[in-house]
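A.B. asks: dropping the sequence and predicted coords here.
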Amino acid sequence: VDLILLIGIGAGDPDHLTLQAVKALRRTDVIVLLDKDDEPARLRRALIADHAPHARTIQIEDPPRVRGQVEQWRRQRGDLVERVVREEPGTGAFLVWGDPSLYDGHIALVEDLQTRGLSFDYEVIPGISAASALAAAHKLTLTRTGQPVTITTGRKLAEADGDALVMLDGDQAFERVTDDVEIFWGAYLSTPHELLISGRLEDVRKEISRTRAQAREQHGWMFDTYLLRRCGS
Ligand SMILES: C[S@@+](CC[C@H](N)C(=O)[O-])C[C@H]1O[C@@H](n2cnc3c(N)ncnc32)[C@H](O)[C@@H]1O
């Protein structure tokens, strides 16, 4: 591969694909698929069928992820991708969920490949992130008038002050927030299963927890994002 395209594919709706992404898919010869047989993998396959049916796809079996050994996992995954980059001719692409700039490892992966002495160029094509999908669904301005907002994870939420946009919350960090805040919560945004709840956190906290648990049970997976907005500021 002499060119790698990191293509942001949006957060769930096949129509999130930008024209730039569609054009990038058209000039792709080989698409590397990293994930298992989950919901995002299904969207990727549908996008390939619609926009890059000519491309070869190479499925890479993600190495098992051992807690606390992220570096080793990264290296092993890098080894597998390196082989593809060395062996395949033409333009390669990764279909990146949402936008490559938010909680995503593809740019780091490609930078790592470059330190291994492979010579290729790469381009990043932005996509609609879950943050944008959440804001649109609730008709929100994330930054209000000139205000900052912290993009953070459930695990680091306690360290944020001011408004916070929370992604990657495996364990319902909003349940432990005691400040007076409004929450704008969205799960499976931009998909047919989209769920939206908003209100004063103390009023809707239980409803969100219940809805989240039921939906996870029903669908077997959960993707949610939320904005916490301080009241009175
Ligand atoms: C590994 S991060 C990837 C984020 C992605 N790069 C983006 O720009 O949206 C995965 C997290 O994104 C959020 N997310 C992604 N898609 C979502 C969706 N359709 N609905 C709700 N949250 C979503 C969730 O917080 C999930 O835990």
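C.D. replies: In hand now; what should we look at?

A.B. asks: please make it C-alpha for all contacts and neighbour counts, starting now.
C.D. replies: Will do.

A.B. asks: and the helix or strand hosting E111, does that touch the ligand?
C.D. replies: E111 is part of helix 106-115, with elements assigned from DSSP states H and E. No: judged by Cα under 6 Å from any ligand atom, helix 106-115 stays clear of the ligand, getting no closer than 9.5 Å.

A.B. asks: now do the strands in the chain.
C.D. replies: 3-8, 30-33, 56-59, 91-96, 121-125, 149-153, 163-167, 181-187, 195-200, 224-230 (DSSP state E).

A.B. asks: contacts for the second one?
C.D. replies: By Cα atoms under 8 Å, 6 or more residues apart in numbering, the residues outside strand 30-33 that reach it are 55-60, 88, 90-95.

A.B. asks: only C-alpha atoms, please: export that strand in PDB.
C.D. replies: C-alpha atoms of strand 30-33 as PDB (Å, rounded to 0.1, in the frame of the first residue of the first chain):
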ATOM      1  CA  VAL A  30      -8.100  -2.500  -0.300                       C
ATOM      2  CA  ILE A  31     -10.000  -2.000   2.900                       C
ATOM      3  CA  VAL A  32      -8.700  -3.300   6.200                       C
ATOM      4  CA  LEU A  33     -11.400  -4.400   8.700                       C
END
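
A.B. asks: list the contacts of the residue nearest to G10 when sequence neighbours are not counted.
C.D. replies: Once flanking residues are discounted, G10 sits nearest to G98: 3.9 Å by Cα to Cα, 6 or more residues apart in numbering. By Cα under 8 Å, 6+ apart, the contact set of G98 is 8-12, 127-130.

A.B. asks: quick one: which of those residues is nearest to I48?
C.D. replies: Ranked by distance to I48 (Cα to Cα), the contacts of G98 are led by I9 at 10.8 Å.

A.B. asks: and the closest one, how far is that from the ligand?
C.D. replies: Plainly put, I9 is 9 Å away from the ligand if you go by Cα to the nearest ligand atom, to the nearest Å.

A.B. asks: so that residue sits against V96, correct?
C.D. replies: Yes: when contacts are counted by Cα atoms under 8 Å, I9 is listed as touching V96 (5.8 Å).

A.B. asks: between these two, which is the more surrounded one?
C.D. replies: Neighbour count, other Cα atoms under 10 Å: between I9 and V96, I9 has more, with 29 against 26.

A.B. asks: what packs against the helix holding E111?
C.D. replies: Helix 106-115 is packed against helix 70-87, with contacts defined by 3 or more Cα pairs under 8 Å, 6 or more residues apart in numbering; DSSP states H and E.
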